[in-house]
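Asker: what follows is a predicted protein model with its sequence.
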Amino acid sequence: MDFPIFHLDLLGNRALIAIIAVLHVIINHGLAVGMMPLVAAMEWYGHKKKDPRWDNLAYKILFVCFIITTTVGALTGVGIWFSASLVNPYGIASLIRVFFWGWFIEWIVFITEVCLILAYTLTWKKWTEQGRKKEHIMLGFALAFFSWVTMAIIVSILGFMMDPGNWLTDPSLWNGFTNPIYLPQLSFRTPLSLMQAGIIAIFLTLFFTHRDSFRYEALRGLGLWALCFTPFMLLGGWWYYSAVPETMQENLSVSLLTLEFAEWHDKLLYIIVAMLVIVLIVAQMAIFRPRYLPKWILVIPLLAVIWTTGHFERVREFIRKPYIIGKYMYANGMRVEDYPLLQRDGILAHATYSHPLTEEEKAIPQGKTTPAGKPLTEQEIAELQGHLQHGKDVFMNACSRCHTGHGVNSVNQHLRRMYGDGPWDKESVKSYMENMHGAQPFMPPFPGNAKELDYLTEYLFHLEENKTKIKGAQTSGVTVNTPAPKETPAREDAQ
Ligand code: HEC
């Protein structure tokens with residue numbers, strides 16, 4: 001726990017990553033990985049048929065992708081780094097240690113991809129005039145290849161986070177890279193990207209062509225493209241769907257989670273089927289009834305593709321819980337193997353920073369009394385606030401990666417749902433938190449010691465009385481904790 005904790009109490013930290021990452025995935029899959037081979041194929045087809053209209057359409061579609069991928073696409077790519085390292089520096093740090101060379105190569109591949117898309121777009125007109133069409137088409141396919149390689153590397157990291165496989169016992173980059181979910185997920189995402197590109201290209205074609213025979217020819221061709229990758233998407237999706245339970249269910253010891261997990265896992269299936277239905281409808285319209293394909297109707301499948309992709313990523317994130325790296329590190333950034341130490345010493349003994357309560361956060365409601373009904377003395381207030389400070393620090397370290405105080409997935413709302421408007425019973429809340437992993441196995445076990453459980457419970461009660469938004473390090477700043485007192489045993493393995 002060596003980093004100050006960034007926290008957004010309204011949307012939640014998860015939403016920050018999710019918004020940026022989903023936008024990035026949609027652009028990356030639909031407009032880069034899937035679209036570059038499609039554009040190159042259209043250019044090739046136009047050249048083969050000596051029909052400049054195909055060439056023209058391909059160029060216009062490429063131009064749209066060029067603008068979006070090099071701006072929003074590239075920025076959200078960097079945005080994932082920024083947001084992920086703000087929200088879970090421990091997770092990203094472990095991943096960098098394992099995948100250093102993977103990312104290093106990915107970086108070179110990405111730079112190559114950017115150079116290629118620049119070259120491909122900017123030389124299009126000139127090389128066409130100079131009769132260097134074949135070379136230009138090759139450039140397009142090279143770009144398509146490099147776009148896919150970036151995905152092929154990153155998907156391995158996503159698979160690793162879900163299930164590191166034999167890396168846990170034999171940690172090497174290769175074992176991490178070839179994790180059990182890698183190939184199934186790649187086999188799903190690849191045709192998914194190609195098919196999505198088909199749907200997006202159909203949409204763009206309606207803007208870039210007139211109501212004439214070429215439009216219908218183009219729509220038919222693009223419809224066929226989308227359709228032809230659909231069976232592969234289905235097969236890949238099925239492989240992915242069946243690879244997930246085998247490996248993930250091993251993680252799940254408790255029956256409740258198995259239920260919860262099964263529900264989310266089924267959602268994955270619905271999403272795959274929903275995508276399939278969307279493509280079938282659009283593609284068959286494009287192929288057989290291109291005249292009846294109005295622009296506005298295509299907004300629906302376009303939004304549906306975006307929605308299902310976003311939801312797909314959310315399900316993927318959910319079924320990974322309570323871990324950020326399967327069986328190795330919990331989502332709160334603490335390693336599974338460090339738990340015995342943390343539960344013995346307490347997490348605060350190992351936390352470098354404290355997140356000071358602001359004046360509003362620590363305000364205690366007027367008229368609060370002791371359990372015996374007496375007004376609190378100043379000394380008691382100061383003592384309570386001391387506890388609340390520890391409670392906040394426990395909450396920030398143990399809960400705030402997934403919960404807010406009063407926003408999305410608010411811990412206060414959960415407690416109100418469970419225990420009513422109050423007054424709550426301290427012992428019940430405490431014993432729930434003590435057994436939180438047993439009750440909801442997608443939450444990690446409580447990482448701290450008994451004293452910290454008390455502080456946390458007091459703090460959770462306080463959140464019920466004081467609805468001020470919890471301030472993260474970016475607002476409240478941090479104080480550096482003094483070294484742990486002497487009686488705290490040092491880490492044995494550090495000696
Ligand atoms: C890995 C992410 C994660 C962490 C860390 C986490 N939770 Fe949760 N928690 C969840 C999710 C997800 C839910 C369920 C949300 C839903 O059902 O809508 C949940 C539900 C709850 C509930 C309601 C449980 C129920 O049975 O309905 C409580 C109370 C709760 N969390 C408290 C905490 C506290 C306190 C901490 C810190 C000690 C914590 N959680 C840490 C993810 C997490």
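Answerer: Nice, thanks for sending it over.

Asker: can you name the residue of the stretch 151-300 of the chain nearest to the ligand?
Answerer: Scanning the stretch 151-300 of the chain for proximity to the ligand using Cβ to the nearest ligand atom identifies residue 260 as nearest, at 8.3 Å. No exception for glycine: its C-beta is placed from N, CA and C like everyone else's.

Asker: contacts only, for that residue.
Answerer: 440, 441, 442 (Cβ atoms under 8 Å, 6 or more residues apart in numbering).

Asker: reformat those as JSON lines; add pLDDT.
Answerer: Supplementary listing: the contacts of residue 260 in JSON lines, determined by pLDDT from 0 to 100:
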{"residue": "440", "pLDDT": "85"}
{"residue": "441", "pLDDT": "83"}
{"residue": "442", "pLDDT": "86"}
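
Asker: and the residues you listed, which of them are in strands?
Answerer: Using DSSP state E, no member of the contacts of residue 260 falls within strands.

Asker: with neighbour count and distance to the ligand added, can I get these in CSV?
Answerer: As requested, those are exported to CSV (neighbours: other Cβ atoms under 10 Å; distance: Cβ to the nearest ligand atom, whole Å):
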residue, neighbour count, distance to the ligand
440, 16, 5
441, 21, 10
442, 20, 5
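
Asker: can I get these in TSV including distance to residue 425?
Answerer: Below are the contacts of residue 260 laid out as TSV (distance: Cβ to Cβ, whole Å):
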residue	distance to residue 425
440	19
441	24
442	25
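
Asker: what's near enough to touch the spatially closest residue to residue 324 that is not a sequence neighbour?
Answerer: Closest residue to residue 324 apart from its sequence neighbours, by Cβ to Cβ, 6 or more residues apart in numbering: residue 91 at 4.1 Å. By Cβ under 8 Å, 6+ apart, the contact set of residue 91 is 84, 161, 324, 325, 329, 331, 333.

Asker: restricted to helices, list those residues.
Answerer: Members of the contacts of residue 91 lying in helices (criterion: DSSP state H): 84, 161.

Asker: what residues of the worst-scoring helix or strand of the chain on mean pLDDT count as buried?
Answerer: Least confident helix or strand, the chain: helix 255-288 with a mean of 79, by mean pLDDT, DSSP states H and E. Using 16 or more other Cβ atoms under 10 Å as the test for burial, helix 255-288 gives 257, 260-261, 264-265, 267-268, 271-272, 274-276, 278-279, 282-283, 285-287.

Asker: just how off-centre is that helix within its chain?
Answerer: 19 Å (Cα atoms, centre = their mean, to the nearest Å).

Asker: next: stretch 422-439.
Answerer: Computed by Cα atoms, centre = their mean, the chain-centroid distance of stretch 422-439 equals 30 Å.

Asker: and stretch 168-183, by the same measure?
Answerer: The mean C-alpha position of stretch 168-183 is separated from the chain mean by 20 Å, Cα atoms, centre = their mean.

Asker: ditto for stretch 333-350
Answerer: Computed by Cα atoms, centre = their mean, the separation of stretch 333-350 from the middle of its chain amounts to 26 Å.

Asker: elements contacting the helix ranked longest in the chain?
Answerer: What stands out as the longest helix in the chain, according to DSSP H, is helix 213-249. The contact analysis (3 or more Cβ pairs under 8 Å, 6 or more residues apart in numbering; DSSP states H and E) places helix 213-249 against helix 35-49, helix 52-68, helix 133-162, helix 182-208, helix 255-288, helix 295-320.
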